[in-house]
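Asks: Whatever this is, show me its structure:
(chains A and B)
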Amino acid sequence: MAFNGHQRDDDIIDEDETPTKQPRSSKEMPGLCRNEPNNEAAAPAGRATTDRRTSNSTARHRKDSLKKSRPPFPWFGMDIGGTLVKLVYFEPKDITAEEEQEEVENLKSIRRYLTSNTAYGKTGIRDVHLELQDLTLCGRTGNLHFIRFPTHDLPAFLQMGRNKHFSSLHTTLCATGGGAYKFESDFRTMADLELHKLDELDCLIRGVLYIDSVVSSGPSECYYFENPTDPDRCVQRPYTLENPYPLLLVNIGSGVSILAVYSENNYKRVTGTSLGGGTFLGLCCLLTGCSTFEEALEMASQGESTRVDKLVRDIYGGDYERFGLPGWAVASSFGNMMSKEKRESVSKEDLARATLVTITNNIGSITRMCALNENIERVVFVGNFLRVNTLSMKLLAYAMDYWSKGQLKALFLQHEGYFGAVGALLELLHPS
Amino acid sequence: MDKSITLPPDEIFRNLENAKRFAIDIGGSLTKLAYYSTVQHKVAKVRSFDHTAKEAASDKLYEISVQEEVTARLHFIKFENAYIETCLDFIKDHLVNTETKVIKATGGGAHKFKELIEKKLGLKVDKEDEMTCLIKGCNFVLRNIPHEAFVYAKHADSEFRFQTTHPDIFPYLLVNIGSGVSIVKVESEDKFERIGGSSIGGGTFWGLGALLTKTKRFDELLQLASKGQHTSVDMLVKDIYGGSYGSLGLTGDLIASSFGKSATAEKEFSKEDMAKSLLHMISNDIGQLACLYAKLHNLSRVYFGGFFIRGHPVTMHTITYSINFFTKGEVQALFLRHEGYLGAIGAFLKGAEEDNPNQYSWGENYAGSSGLMSVSPDMNPMQRARSGTFDMLEMDRLERQLVNLPLLQDPSSYIPDTVDLTEDALAREYWLYCFEEALDGVVKRAVASQPDMPEAAERAEKFRQKYRHKLQTLRHQPFAYGSLTVRSLLDTREHCLNEFNFPDPYSKIKQRENDVALRYYQKAVKSLEKLSWEERQFALVRGVLAVELKHFYLVSIHNCLFCLFFPSERPWLVDCYDQWFERIKGPPHKCALFFVDNSGVDIILGVMPFVRELLSRGTEVVLASNSGPALNDVTNGELQILTEKIAAMDSVIQAGLKEDRLTLVQSGSSSPCLDLSRLDKVLATVVRERKTDLVIIEGMGRAIHTNYYAMLSCESLKMAVIKNSWLADRLGGKLFSVVFKYEVPAGRPSLDSTALTPS
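Replies: Next up is the predicted model:
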């Protein structure tokens, strides 16, 4: 990937380009950094330049310690997964003229590049609608940007880092996800960068809790589907995640991890499954010849899975009452494909839809069993498999509600796949 | 496919003449047919001569007659759906005079063939719920077939590890992997519940596999999968991490995302690789769900079945791997030898409820059953060619209900057999060779036992072929009938002899030997009486052992009778005589259960004097002998007569019988070996009622090949001479080494202390 996206001079995002996706404002994170006016500038190398008067000594003290602990710009958090690299970037908006002057060219160029584009190279995307504005982090106010690109384009990203002399900024790059380990030496050799590697599940949980706590306006971060079993009345509703514990956190990336979270620092990975987003896309590519997630989803939205799957009613003519199985339930995923005639009569769209339904229902079913075993009633689904994938979210909401007879609630978060990266950024600012 | 095969009537659909109560289970590709029949076969009976008639001009001790006996047999036949019409025609042609009006049917294909069945057989099809049949069948095989369940270990010496039959089979989880997956919790005979399931099952493997590889047949897909490499299609942990994900303990080779590498339009993937990846994906998923359900319901016995599993080592391996991974080895995946028959068995049982089949004990007839994997082409191409695609199971109704010996210390861990030949390749080779070598002799003896029957030679030849074929099968598939043991080899031989109407080849020999030995009984007792108490105790033990040995060499009984020559000086290979001697100085036992062995000198001059001594000491004696003949072992019928004869000469025995302190019971078995978990219910009752506190087991078959390691909850005595140099060597001794094993269960107060405790 070459980061040769259409560049603009200004660092203001063209909102007309994404009219439905408004940048979102945010509030201060309680207990983290206090928003302070007239913040001092950060020196390029991260050293504080001036001391300032404050009306109150505790505030000063806090500010001093803030300065000391505050890392130099730029602030990134990175999550290198099996399929996608997720990058969050904090763009300070409170830069003073003095700061601006002192800011080294490299830093400025990176900032401009990232904030003035919404697409980078052929595959890099900035999710403008997820942007969090007026966020205060470590005493600095700015916007948090969410960027993603495929993991296989990581070399291009490293090349760009090299071209932009990223390493001269002496920043610490906090990274999580398996790629932080796999590509550590590539970062060193190709871009002269040292990674600060972080555990992905630690980051995930930290990120989820943080984002949920800072988003105050705009669409609620957490939401659920009301009336999930009635397609006509099924609507998205905001959900307040106060008192979140205990919580089952299901992260659907290429594969799936299921965590039981009891507090920020107390969680366990209950289990995982290899049937995840990667499986959906991998099978769709093989079955339909498509090559992107968006294509696969588009096909799935037009297909009919009941032509591919064998339903309970296909076997029993109706419900299997003896065991309370409704006729519409899938008895055998892809079961109709055992027959040659039926194989010849299905469309690619049908196959894509069946793949989506199969993978989604399976995740739902494993999740439900974990929830029962762990005795947890709230389930939060995250991960990029759910991005623009309302079909799967509604299926999950339906499955949780139907099979648990209303006991389980499926919850979703707007920032789906970015929590690991956010957690990595927080680790940069506040090492735990 | 060739649908017009010729069916060999004496091998498939046997005993149709007397068949009734049909049941059929038609699956996606295989049909399973079940019926009940009665089998007439010859049994040897003994009867005392009528003394008043004084026809004892004959020098015979008792009368031997061969009678026809009718026993119940269950037949189960499995064949491909393609042959269904041929088979129905065959059945119609051979079915005579049946009272049957309905045929119980189950399985997905039952409705499809309903009309055909009704037309061809003139029976009304009566549909039964699939799951109910499955569970009924499962309960039946778990209860009645020893070594029904096994663990599959691909890389072990023996891929199949058979489980001992638990006295209590409930609760368990049955994971049935058909086109979808059903997970059923079974709590009792009539109580089961489908607690969950999954749509990702065999149909997903087949359907998705057919789409991905353009391969139509399920078997071919599995073959593709067994040749593929999933790592080119799956995204592994190391593909994401570069290595393992250490903090979670996830190794690099684990699959992080199934088909994760195929998310590209640019690369081509091989059919084999995709099939393998699919197989892993589905097996892992099913295994994971099964574990989650097992955990939620706190169940540790999980059986897998359904067409996805049936006879396929590939899927048994991947499921086993998955269960092992997800439960960290806490739960083992169990499979069933007769899994394919469960539905048919269950449907049959539904139809046969008035016959109360669950009230009886049943035994697998080795002679008429095909054994595990008989039709798996890559396992045994030779056999497939021979018997077509037909697979059979026959179960004989046993006359007696069989139960555990109440004196087993832990019935659930009791394993009768000393050496498992499935796992011990060297031992297996040796014994298979032994049995093959001995075959000529057995055939000769069988012919000689029926001198007045001209066609005996022909039958004996058929027996030879059948048994040799069994031995050959076992050489290639030692796991065919569960764990291969010396006992199972012996039992299979007996079943085959019975099959060809040689119910008791030894009957005449036993009669002659009994007769001779009886003549010396009084002399033997008298000479023992002359000895001091100490001397006599040793002589009695030596007597049991010596005549046991003598019998082996017995050419002329007269030569060796009184020399009481003893081959092995003490200390014996296993020598607990001193402890035993100390024990019998103490208070007498309340009641001794004595499992006897051979006829002739063994029972009459070895066992009876020993019994006499026990009775004299005030110990009650229960003599347990075989219900039916096996080799030259004394049967219960023969022992009744012998005991009467001895009682006539010996007042101690006479009094014992009269006062009911000496009881004869049958063991329920017709084997030269002894399975203490399958004994006659009456025996168990007697043992319990009489508060038996001593068990004596005598002879190689019962005390060495089996029960050598059996742990009892009371005192026990195991006596044998090792008459096989290979086995002697195995046990660290020489040929004719003596085993005299006296055991007192751990935790029992030692006898000295009981003696010291004032009562």
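
Asks: drop to CA atoms for contacts and neighbour counts, all remaining ones
Replies: Noted.

Asks: okay, residue 13: pLDDT?
Replies: Chain wasn't specified; assuming chain A. Among the per-residue scores, residue A:13 holds a pLDDT of 32.

Asks: actually it's chain B I care about, not the one you picked
Replies: For residue B:13, the predicted pLDDT is 76.

Asks: tell me the contacts of it?
Replies: B:75, B:77, B:91 (C-alpha atoms under 8 Å, 6 or more residues apart in numbering or on different chains).

Asks: do the same with residue B:275
Replies: Contacts of residue B:275 (C-alpha under 8 Å, 6+ apart): B:209, B:212-213, B:221-222, B:224-225, B:228.

Asks: List just the nearest of those to chain A.
Replies: residue B:212 (6.7 Å; C-alpha to the nearest C-alpha).

Asks: Next one: the helix or strand harbouring the closest one, is it in contact with chain A?
Replies: Element membership for residue B:212, per DSSP states H and E: helix B:202-213. Yes. Using C-alpha under 8 Å from any C-alpha of the partner chain, a contact is recorded between helix B:202-213 and chain A, made by B:202-204, B:206-208, B:210-212.

Asks: List only those of the contacts of residue B:275 flagged as buried.
Replies: B:209, B:212-213, B:221-222, B:224-225, B:228 (16 or more other C-alpha atoms under 10 Å in any protein chain shown).

Asks: Any stretches of chain B with poor pLDDT?
Replies: Where chain B drops to pLDDT under 70, the residues are B:1-11, B:50-59, B:96-98, B:373-389, B:547-568, B:747-759.

Asks: Report back the residue of it that's furthest from centre.
Replies: residue B:266 (56.3 Å; C-alpha atoms, centre = their mean).

Asks: For residue A:151, see how far away that residue is.
Replies: 16 Å (C-alpha to C-alpha, to the nearest Å).

Asks: What parts of the stretch 251-400 of chain B come near chain A?
Replies: B:255-265, B:281, B:285, B:289, B:292-293, B:295-296.

Asks: Which of the residues you listed fall within strands?
Replies: B:255-257 (DSSP state E).

Asks: Residue B:74 belongs to a strand?
Replies: Yes. Applying DSSP: H, G, I helix; E, B strand; the rest coil, one finds residue B:74 inside a strand.

Asks: Now do the contacts for it.
Replies: B:34-37, B:394-397.

Asks: which among those gets closest to chain A?
Replies: For those, the nearest to chain A is residue B:34 (23.9 Å; C-alpha to the nearest C-alpha).

Asks: Isn't the closest one up against residue B:344?
Replies: Yes. The pair residue B:34 / residue B:344 is scored as a contact, 6.0 Å apart, by C-alpha atoms under 8 Å.

Asks: what residues are shared contacts of the two?
Replies: Contacts common to residue B:34 and residue B:344, judged by C-alpha under 8 Å, 6+ apart, are B:23-24, B:76.

Asks: Take these and, keeping just the buried ones, write it as a ChimeraX select command.
Replies: Isolation of the buried members of the shared contacts of residue B:34 and residue B:344 (16+ other C-alpha under 10 Å) is achieved in ChimeraX through the command below:
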select /B:23,24,76
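
Asks: Could you count how many residues lie near the residue of the stretch 451-600 of chain B found nearest chain A?
Replies: Ranked by C-alpha to the nearest C-alpha, the top residue of the stretch 451-600 of chain B for proximity to chain A is residue B:480, at 31.2 Å. Neighbour count for residue B:480, taken as other C-alpha atoms under 10 Å in any protein chain shown: 22.

Asks: cool, the one 5 residues further on as well?
Replies: The local packing of residue B:485 (other C-alpha under 10 Å) involves 25 other residues.

Asks: these two touch, right, it and residue B:420?
Replies: Yes. The criterion here is C-alpha under 8 Å, and residue B:485 meets it with residue B:420 at 5.5 Å.

Asks: Return the nearest residue of the stretch 351-500 of chain B with respect to chain A.
Replies: For the stretch 351-500 of chain B, C-alpha to the nearest C-alpha, closest residue to chain A: residue B:351, 19.8 Å.

Asks: Angles on the backbone of that residue, please.
Replies: Main-chain torsions, residue B:351, degrees, to the nearest 10: phi -80, psi -20.

Asks: Could you report the neighbour count for it?
Replies: 19.

Asks: ditto for residue B:353
Replies: 10.

Asks: Same check on residue B:534?
Replies: Residue B:534 is flanked by 10 other residues according to other C-alpha under 10 Å.

Asks: Can you say which helix or strand has it in it?
Replies: With DSSP H and E as criterion, residue B:534 is part of helix B:533-553.

Asks: these two touch, right, residue B:684 and residue B:401?
Replies: No. Counting by C-alpha under 8 Å, residue B:684 sits too far from residue B:401 to count as a contact (10.6 Å).

Asks: Residue A:370 belongs to a strand?
Replies: No. Secondary structure assignment (three-state DSSP) places residue A:370 in helix, not in a strand.

Asks: And the chain, what are its domain boundaries?
Replies: I'll assume chain A. A:70-213+A:420-429, A:222-303+A:347-413, A:309-345 (the TED database).

Asks: ah, no, chain B please
Replies: B:9-145+B:342-399, B:151-233+B:269-336.

Asks: Please identify the most buried of those.
Replies: Comparing these by mean neighbour count (mean count of other C-alpha atoms under 10 Å in any protein chain shown), domain B:151-233+B:269-336 comes out on top with a mean of 21.

Asks: What is the end-to-end distance of that one?
Replies: First-to-last residue span, domain B:151-233+B:269-336, C-alpha to C-alpha: 9 Å.

Asks: same check, this time on stretch B:14-25
Replies: 19 Å.

Asks: Quick one: name the residues of the stretch 51-200 of chain A near chain B.
Replies: A:81-82, A:177-183.

Asks: can I get the contacts of residue B:13 in TSV with distance to chain A?
Replies: Putting the contacts of residue B:13 into TSV (distance: C-alpha to the nearest C-alpha, whole Å) gives the following:
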residue	distance to chain A
B:75	29
B:77	25
B:91	29
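
Asks: Once you drop chain neighbours, what's closest to the residue of the stretch 301-450 of chain B found nearest chain A?
Replies: Proximity to chain A, evaluated over the stretch 301-450 of chain B using C-alpha to the nearest C-alpha, is greatest for residue B:326 at 8.5 Å. Excluding its sequence neighbours, the residue lying closest to residue B:326 (C-alpha to C-alpha, 6 or more residues apart in numbering or on different chains) is residue B:288, at 6.0 Å.
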